[in-house]
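Engineer: Fold the following and give me the result.
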Amino acid sequence: MGRNIAASKRGFGYRHGTAESGGLGLYVDGLMVVEYENYNDQLMLTYGKSLTGVPQGIYEESVTQNYPIGTRRVVDDMVFKYCHSRTDPTGQASLPLANRGVVNTHLAVLDTTVVAASVAATTITATVAGVAANSYENGYIIQQPTVGWTQNSKLRIKSNTTTVFTLKDPLVESVATTDNLFFSKNMYAAVGKSPVTGADSAYRTDRSIVAVPLLDITSEYYFWGQTWGPCCVQFGDATYRAGDTSYGDWGNRVVWFDHYGAASCGSEPDDSPAAPYKCGRGVQIAGFCIPCTYDTGGIVDWSILIFLQLTPV
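Structural biologist: Numbering: from 1, shown residues only. The predicted model follows:
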């Protein structure tokens, strides 16, 4: 098998990695689309074309984008998605932190003008504020017709210029100039920490947690965020363990995320519940607690091992 495959070739190729790793890749037209890698005795399978050919481990961040946003990687019994950290808001300590859930910070944007398009067209031309080339790659458009056809439609974006959006599938209904089009980036394209203070914190309850980084992430860097499988998540309060009854008869094994991406064991009506729970308000299900917590002399710490259940694919 050759290590380098010409752009016109298809087939398998092998590349040498680092730290006792090597990758067997399936190439289509010169682009690696699936890679099977043995990294320090961890079995990794990455689904998605490699943009640079440079491997990036799950404990590495990169200023260079090495994979398309949202690329899926399976490592043993864990699943990761390739993410991009948003620009850190000025004056706010909101960089993504290790073992805390990160949120999708992008707001859906409504077009200001739309050019009519016919059924079977593969592009939509529209004016949308703040669009850069391919910033909506692998994102979505929600089409909301104002006349005629009344059913909303979800359109997948393959690539985009500042005004032209190429679709992954042809239009099944025409687009009128009076239609409302809502543009949403890939949910892993602008992830960030929900800050405790600052103007940005006012929107923390309106955002969805999409992944858990394994390391602290620099602003505007690329990284693998875990979405499924055994995961260490920082606990919101050190006085209560998931599933334990030491602080009350509430042996709940379900683990939630609180407003700030930490683990919580319930969904109280406010952010500072009274004893015995002291676990904050859970706003999104994270998964379930893995270790047995029956022993009251066990670990009471700021981290908890859970089976993360955001997305398996």
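
Engineer: only C-alpha atoms for contact and neighbour calcs from this point on.
Structural biologist: OK.

Engineer: Low-confidence regions, this protein specifically.
Structural biologist: Counting by pLDDT under 70, the chain contains low-confidence ranges at 1-43, 90-93, 147-150, 236-252, 266-282, 293-303.

Engineer: Where is the longest strand in it?
Structural biologist: Criterion DSSP state E: the longest strand present in the chain is strand 222-234.

Engineer: Return the list of helices and strands in contact with it.
Structural biologist: Where contact means 3 or more C-alpha pairs under 8 Å, 6 or more residues apart in numbering; DSSP states H and E, strand 222-234 is packed against strand 78-84, strand 209-213, strand 303-309.

Engineer: So which of these is the most surrounded?
Structural biologist: strand 209-213 (a mean of 28; mean count of other C-alpha atoms under 10 Å).

Engineer: what packs against it?
Structural biologist: Counting by 3+ C-alpha pairs under 8 Å, 6+ apart, the packing neighbours recorded for strand 209-213 are strand 102-104, strand 222-234.

Engineer: Tell me which of those sits nearest to Ser50.
Structural biologist: strand 222-234 (13.6 Å; C-alpha to C-alpha).

Engineer: and the closest one, C-alpha only, in CSV?
Structural biologist: Output in CSV follows, covering the C-alpha atoms of strand 222-234 (Å, rounded to 0.1, in the frame of the first residue of the first chain):
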residue,chain,number,x,y,z
TYR,A,222,-10.2,23.3,17.0
PHE,A,223,-10.7,20.2,19.2
TRP,A,224,-12.5,16.9,19.7
GLY,A,225,-15.5,17.3,22.0
GLN,A,226,-16.9,14.1,23.6
THR,A,227,-20.6,13.4,23.0
TRP,A,228,-21.1,9.8,24.1
GLY,A,229,-19.6,7.1,26.4
PRO,A,230,-17.7,7.2,29.7
CYS,A,231,-16.8,10.8,30.5
CYS,A,232,-15.5,12.7,33.5
VAL,A,233,-17.6,15.8,34.2
GLN,A,234,-16.9,18.4,36.8
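
Engineer: For the closest residue to Ile124 other than its chain neighbours, give me its contacts.
Structural biologist: In space, and not counting its chain neighbours, Ile124 is closest to Phe165: 5.2 Å by C-alpha to C-alpha, 6 or more residues apart in numbering. Each residue near Phe165 by C-alpha atoms under 8 Å, 6 or more residues apart in numbering is listed here: Thr123, Ile124, Thr125, Ala126, Ile157, Lys158, Ser159.

Engineer: What is the most widely separated pair among those residues?
Structural biologist: Greatest spacing in the contacts of Phe165, by C-alpha to C-alpha: Ala126 and Lys158 (15.1 Å).

Engineer: The nearest residue in space to Met78 that is not next to it in sequence bridge partners, please.
Structural biologist: Of all residues not flanking Met78 in the chain, Gly229 sits nearest, at 4.5 Å (C-alpha to C-alpha, 6+ apart). According to DSSP bridges, the residues that bridge with Gly229 are Leu308.

Engineer: And for Gly229, the neighbour number?
Structural biologist: Neighbour count for Gly229, taken as other C-alpha atoms under 10 Å: 21.

Engineer: how much space between it and Phe307?
Structural biologist: According to C-alpha to C-alpha, to the nearest Å, Gly229 stands 5 Å off from Phe307.

Engineer: returning to what we had before: out of the contacts of Phe165, who's nearest Tyr47?
Structural biologist: Set against Tyr47, the nearest of these by C-alpha to C-alpha is Lys158 (16.6 Å).

Engineer: Tell me the secondary structure of the closest one, please.
Structural biologist: Here Lys158 is strand, with the state taken from DSSP: H, G, I helix; E, B strand; the rest coil.

Engineer: Looks like it contacts Pro170 (just checking).
Structural biologist: No: between Lys158 and Pro170 there is no contact under C-alpha atoms under 8 Å: 11.2 Å.

Engineer: Between the two, which has more neighbouring residues?
Structural biologist: Remark: of Lys158 and Pro170, Lys158 carries more neighbours, 18 against 15, as counted by other C-alpha under 10 Å.

Engineer: Can you give me every residue that contacts the more buried one?
Structural biologist: Contacts of Lys158 (C-alpha under 8 Å, 6+ apart): Glu137, Asn138, Gly139, Phe165, Thr166, Leu167, Lys168.

Engineer: Try it again at 10 Å.
Structural biologist: Lys158 makes contact with 122-123, 134, 136-140, 165-169, according to C-alpha atoms under 10 Å, 6 or more residues apart in numbering.
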